[in-house]
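*Asks:* 3D model of this:
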Amino acid sequence: MARTESTMFPLGQKAPDFALPDTVTGKVMSLSELASKQATVIMFICNHCPFVKHVQAELVRLANDYLPKGVSFIAISSNDAAAYPDDSPERMKQVAEEWKYPFPYLYDETQEVARAYQAACTPDFYVFDGNLACAYRGQLDDSRPGNDIPVTGASIRAALDQLLKGEPVTVPQKPSLGCNIKWKQPE
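*Replies:* Numbers count the residues shown, from 1 in each chain. Sure thing, here's the model as predicted:
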């Protein structure tokens, strides 16, 4: 596990489109059908990373708090499932059901979506406005495994609150920190 920071996708850049299978329903879902006219949160996560496990309950709480406000949430795993079987689509479905994810948990087998978003770590977060322009990217909050700071989702909550009020996002944008995405090795 290499501790890796977000690459910080450019603010204002449009969200790259995608169509990926949801591991729970088996249905292919696209950004255009999942995006919200209010705000859309895209999270690159996985099952085995201790940084994701550290924030998992808050991801569910955050989505449950903001879904009623019209915010869309999308989780994507891009890890190499052959090398990391705990991140397989079957295991993703189990984790999503166990945690009662209120959002789709999509599998990016080709890793093309992670590359398009310049995702570097799990978890890696992106908040897009109603026009799918990047308004925030980086950390969930200041908590990390072992630093004794409570997991609150403060950074993303503040960004979403500003967007929902029609205000520009002025929240400090700090990189997320987590495990590197497990890229497939060339054959």
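
*Asks:* Select the helix or strand of this protein having the lowest average pLDDT value.
*Replies:* strand 3-5 (a mean of 76; mean pLDDT, DSSP states H and E).

*Asks:* Now do it: everything it contacts.
*Replies:* Ala120, Cys121, Pro175, Ser176, Leu177, Gly178, Cys179, Asn180, Ile181 (C-beta atoms under 8 Å, 6 or more residues apart in numbering). Using the backbone N, CA and C atoms, a C-beta is placed for each residue, glycine as well.

*Asks:* in this structure, which spans are strands?
*Replies:* Using DSSP state E, the strands of the chain run over residues 3-5, 19-21, 28-30, 39-44, 71-77, 105-107, 121-122, 124-129, 134-138, 177-180.

*Asks:* Output the contacting helices and strands for the second one.
*Replies:* Meaning strand 19-21. Identification of packing neighbours for strand 19-21 by 3 or more C-beta pairs under 8 Å, 6 or more residues apart in numbering; DSSP states H and E yields strand 28-30, strand 105-107.

*Asks:* which other residues reach it?
*Replies:* Strand 19-21 has contacts (C-beta under 8 Å, 6+ apart) with Lys27, Val28, Met29, Ser30, Leu31, Ile76, Pro89, Leu106, Tyr107, Asp108, Val113.

*Asks:* Partner strands of it and their direction?
*Replies:* strand 28-30 (antiparallel) (DSSP bridges).

*Asks:* May I see the buried residues of the strand it pairs with?
*Replies:* The neighbour-count check on strand 28-30 (16 or more other C-beta atoms under 10 Å) flags Met29 as buried.

*Asks:* who's in contact with it?
*Replies:* Asp17, Phe18, Ala19, Leu20, Pro21, Asp22, Pro104, Leu106.

*Asks:* ok, the last one to Ala116 distance?
*Replies:* In this structure, Leu106 and Ala116 are 13 Å apart, going by C-beta to C-beta, to the nearest Å.

*Asks:* Equivalent analysis for the fifth one, please.
*Replies:* Distance from Pro21 to Ala116, counting by C-beta to C-beta: 17 Å.

*Asks:* These two: who's more crowded?
*Replies:* Counting neighbours by other C-beta atoms under 10 Å for Pro21 and for Ala116 shows that Pro21 has the greater number, 17 against 14.

*Asks:* Beta-bridge partners for that one, please?
*Replies:* Beta-bridge partners for Pro21, by DSSP bridges, are Val28.

*Asks:* Could you do Leu106 as well?
*Replies:* Taking DSSP bridges, one obtains Asp22, Ile76 as the residues bridged to Leu106.

*Asks:* Pull the number of nearby residues for it.
*Replies:* Leu106 is flanked by 27 other residues according to other C-beta under 10 Å.

*Asks:* First residue to last residue on stretch 152-170, what's the distance there?
*Replies:* 18 Å (C-alpha to C-alpha, to the nearest Å).
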